[in-house]
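S.K.: Got a predicted structure here, sequence first:
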Amino acid sequence: MSQRLRLLFALLTLSLIAVAGCSGSGSASGGDGGFVMAADEPDHLTPSRSAGAFDQIHALFAPLVKFGTDAELDYIQAKSVTSDDNVTWTIELRKGWTFHDGEEVTADNFARAWNATAYGPNAWANNGQLASIKGYAALNPPKGKPTAKKLSGVKVVDPYTLRVTLEAPDSQFPYKLGQPAFYPLPDVAFEDLDAYDESPIGNGPFQMDGSWEHDVSIAMTRYDDYGGEAANAESITFQIYSDITTAYTDVQAGTVDLSVLPQEKYKQAPDDFDDRLYSFDAVRLDWLGFPLWDTRFQDVRIRKAISMAIDRDAINDAIFGGLYRPATSLTPKTAIGGGTEGMCGETCEFNPDKAKQLLEAAGGWEGPMEIWFPGGVGYDQTFEAIANQIRQNLGIEEVKLTSQPGFTQFLAALDEHKATGPFRGGWGSLYPSMQNLLTAVFTESGDGHEGSGGYVNDNVEKLIADGDSAPTPDKAVEAYKQAEQQVLTDLPVAPLFYAKYVGIHSENVSNVQIGFDQVELADVEVN
């Protein structure tokens, strides 16, 4: 399963069983100097294989690059990333960086990890993030077996230098290097990949403390030989939950220190947490997707009718406390070149009369309609509201909610085309370019393609490619916007909100800093 929708990223880290045996004073990590973060049960802890362990991976691994709060590019494991033609890129690594077992991080660790990720038969989640590199197609043929086992476009020049050749010019390539598919793996990982996944050895500010206790917790301690700036806290425990609301009360009690805020608590949280509530505008879009594999949704008028039956302003006020912004395009203003107001036109405006007319012109709707979403992660109120509005404003007698327990099963239902109605979709961009969402969701090889309901449009793919190879940033944005407009015309998804990432923390911790897309865990201080 690929890194579908990055839906899961909306939850930064969620939750599984209630915290038990936690001390009331200080954090619940089992010792002084550590803190506890509420988390969902991940699928994997190996970066290239994981579709949801974002905070755990950022604690265990150091990327080549990352982004600051103003979306500026910061070099971490990379010393420089350069190109003369946007096709052939040279990546120079910092010397002296080590994995947690003492092995030096070299160019070969990156190349070997990228080749394993790109090799189609491995079926690793983040395979598609490497699709622009020369030789990817040979490792991922549409039929038959791969004709190669390594990316021809990846060359190890020397222990600290990689040369990467792309299939076509891509001015956005340096931005992509912060994605999970571009992390290195130590030699020991390839001795037993499944065993490694239970207790991965990374190159980041924290290291595993024992093995992953499934459905219970993931414990880490500070790695004192980290090549970057040392973490402030001595340890992190990711406590697994099944109900994010439980985490909310545990943060109030001080037995958990950090958690994503469940949507049903948005209005209440300012009173409960005051300055310990944090939010930031994400490079993120939430939408209602349509299963285009279901013939009932192939008429665009049906999709437009559903979109126009939803009162986004009412939902924002009633559930999100006005924190979100109703979307009028696919990309928010926090993306470079994004945020064109009104691009969606009347399709994203509440107009129940026009919605009924469109539905009737398309032949109406027979039988119940199902709305699909992941359960147990705080979305119930939102989708109850959407279901009620569709029922009332389109006159559909029965609109049912269908939920799966958590993201893993929900994403599997999309992957396997089991969803039989509109579904919850979202993408939090991995880098601050319009290219990321457009490529990930609306191209056939994208990591989040199922979030578009299986949408395919050759012209959209061409326009995105034109943007990738554009000679200037302005020309790139121009092409991306044309692609965005084409997608909105076809409407495989109904944009809902430009989202925020919202979280809470206990009185046990301070210096909770927000980076480009998440809390900077190495910065957190234990009081």
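M.R.: In hand now; what should we look at?
S.K.: Secondary structure element for Ile464, which one?
M.R.: helix 458-468 (DSSP states H and E).
S.K.: Could I have the CA atoms of that helix written out in CSV?
M.R.: C-alpha atoms of helix 458-468 as CSV (Å, rounded to 0.1, in the frame of the first residue of the first chain):
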residue,chain,number,x,y,z
ASP,A,458,-3.4,12.7,-19.7
ASN,A,459,-3.6,16.5,-20.1
VAL,A,460,-3.2,17.0,-16.3
GLU,A,461,-0.1,14.7,-16.3
LYS,A,462,1.3,16.7,-19.3
LEU,A,463,0.7,20.1,-17.6
ILE,A,464,2.4,18.9,-14.4
ALA,A,465,5.3,17.7,-16.4
ASP,A,466,5.5,21.0,-18.2
GLY,A,467,5.6,22.7,-14.8
ASP,A,468,8.4,20.4,-13.6
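S.K.: Send over whichever helix or strand comes after that helix as PDB, restricted to the C-alpha atoms.
M.R.: Sequence-wise, the next helix or strand downstream of helix 458-468 (DSSP H and E) is helix 473-490. Below are the C-alpha coordinates for helix 473-490, written out as PDB (Å, rounded to 0.1, in the frame of the first residue of the first chain):
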ATOM      1  CA  PRO A 473       9.600  29.200 -11.000                       C
ATOM      2  CA  ASP A 474       6.900  31.500 -12.400                       C
ATOM      3  CA  LYS A 475       6.500  29.400 -15.500                       C
ATOM      4  CA  ALA A 476       6.300  26.300 -13.300                       C
ATOM      5  CA  VAL A 477       3.500  27.800 -11.200                       C
ATOM      6  CA  GLU A 478       1.700  28.800 -14.400                       C
ATOM      7  CA  ALA A 479       1.600  25.200 -15.700                       C
ATOM      8  CA  TYR A 480       0.700  23.800 -12.300                       C
ATOM      9  CA  LYS A 481      -2.300  26.200 -12.100                       C
ATOM     10  CA  GLN A 482      -3.500  25.000 -15.500                       C
ATOM     11  CA  ALA A 483      -3.300  21.500 -14.200                       C
ATOM     12  CA  GLU A 484      -5.200  22.500 -11.100                       C
ATOM     13  CA  GLN A 485      -7.900  24.100 -13.100                       C
ATOM     14  CA  GLN A 486      -8.400  21.000 -15.300                       C
ATOM     15  CA  VAL A 487      -8.700  18.800 -12.200                       C
ATOM     16  CA  LEU A 488     -11.300  21.200 -10.700                       C
ATOM     17  CA  THR A 489     -13.300  21.100 -14.000                       C
ATOM     18  CA  ASP A 490     -13.300  17.300 -13.900                       C
END
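S.K.: strands paired with the helix or strand just after helix 473-490, and their directions?
M.R.: Sequence order places strand 493-505 as the next helix or strand after helix 473-490, per DSSP H and E. Next to strand 493-505 in the sheet, as set by DSSP bridges, lie strand 258-260 (antiparallel), strand 277-289 (antiparallel), strand 325-326 (antiparallel).
S.K.: contacting residues around the shortest one?
M.R.: In this case it means strand 325-326. Strand 325-326 is contacted by residues Arg312, Asp313, Asn316, Pro332, Cys348, Leu496, Phe497, Tyr498 when judged by C-beta atoms under 8 Å, 6 or more residues apart in numbering. From N, CA and C alone the C-beta is placed, and that goes for glycine too.
S.K.: Just the buried subset of those residues, please.
M.R.: Listed as buried from the contacts of strand 325-326 are Arg312, Asn316, Pro332, Cys348, Leu496, Phe497, Tyr498; burial here means 16 or more other C-beta atoms under 10 Å.
S.K.: would you list those in TSV and tack on distance to Arg284 and pLDDT?
M.R.: Formatted as TSV, the buried ones among the contacts of strand 325-326 follow (distance: C-beta to C-beta, whole Å; pLDDT from 0 to 100):
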residue	distance to Arg284	pLDDT
Arg312	15	98
Asn316	15	93
Pro332	7	91
Cys348	16	97
Leu496	11	97
Phe497	9	95
Tyr498	7	92
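S.K.: Which of the residues you listed sits closest to Pro184?
M.R.: Pro332 (31.4 Å; C-beta to C-beta).
S.K.: What does the closest one show for phi and psi?
M.R.: Here is the backbone geometry of Pro332 (degrees, to the nearest 10): phi -80, psi 170.
S.K.: Kindly provide the distance from it to Lys149.
M.R.: To Lys149, Pro332 is 40 Å away according to C-beta to C-beta, to the nearest Å.
S.K.: mind listing the helices for the stretch 301-450 of the chain?
M.R.: In the stretch 301-450 of the chain, the segments counted as helices under DSSP state H, counting those that start in this stretch are 312-319, 352-361, 380-394, 406-415, 434-442.
S.K.: could you dump the ones you listed to JSON lines with distance to Asn203?
M.R.: JSON lines is the format used below for these (distance: least, C-beta to C-beta, whole Å):
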{"stretch": "helix 312-319", "distance to Asn203": "40"}
{"stretch": "helix 352-361", "distance to Asn203": "52"}
{"stretch": "helix 380-394", "distance to Asn203": "38"}
{"stretch": "helix 406-415", "distance to Asn203": "27"}
{"stretch": "helix 434-442", "distance to Asn203": "24"}
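S.K.: quick one: which of the ones you listed has the weakest pLDDT on average?
M.R.: Among the helices of the stretch 301-450 of the chain, helix 406-415 carries the lowest mean pLDDT, at a mean of 86.
S.K.: Kindly calculate the angle that it makes with strand 277-289.
M.R.: Relative orientation of helix 406-415 versus strand 277-289 (axes from the mean of the first three to the mean of the last three C-alpha atoms, to 10 degrees): 20 degrees.
S.K.: Can you pull the poorly scored residue ranges out of this protein?
M.R.: Low-confidence segments of the chain (pLDDT under 70): 1-31, 69-71.
S.K.: how's it carved up into domains?
M.R.: As assigned by automatic domain parsing, the chain contains the domains 64-96+106-183, 280-501.
S.K.: Please work out which of the ones you listed is packed deepest.
M.R.: Burial of the domains of the chain is given as mean neighbour count (mean count of other C-beta atoms under 10 Å); domain 280-501 ranks first at a mean of 20.
S.K.: Relative to Thr402, which of the buried ones among the contacts of strand 325-326 is nearest.
M.R.: Leu496 (18.2 Å).
S.K.: ok, and the closest non-adjacent residue to that closest one?
M.R.: Leaving out its chain neighbours, the residue that sits closest to Leu496 by C-beta to C-beta, 6 or more residues apart in numbering is Asp286, at 4.8 Å.
S.K.: so what's the one you found up against?
M.R.: Counting by C-beta under 8 Å, 6+ apart, Asp286 makes contact with Ala10, Tyr324, Ala327, Arg424, Gly425, Gly426, Pro495, Leu496, Phe497, Tyr498, Ala499.
S.K.: Compare the strands paired with strand 493-505 and report which one is nearest to Thr165.
M.R.: It is, among these and with distance given as C-beta to C-beta, strand 277-289, at 28.0 Å.
S.K.: now the angle between helix 380-394 and that closest one, please.
M.R.: Using the same axes, to 10 degrees: strand 277-289 against helix 380-394 is 40 degrees.
S.K.: ok now strand 277-289, how far from the chain's centre?
M.R.: In terms of C-alpha atoms, centre = their mean, to the nearest Å, the centre of strand 277-289 is set 11 Å apart from its chain centre.
S.K.: Next: stretch 311-325.
M.R.: Taking C-alpha atoms, centre = their mean, one finds stretch 311-325 lying 22 Å from the centre of the chain it belongs to.
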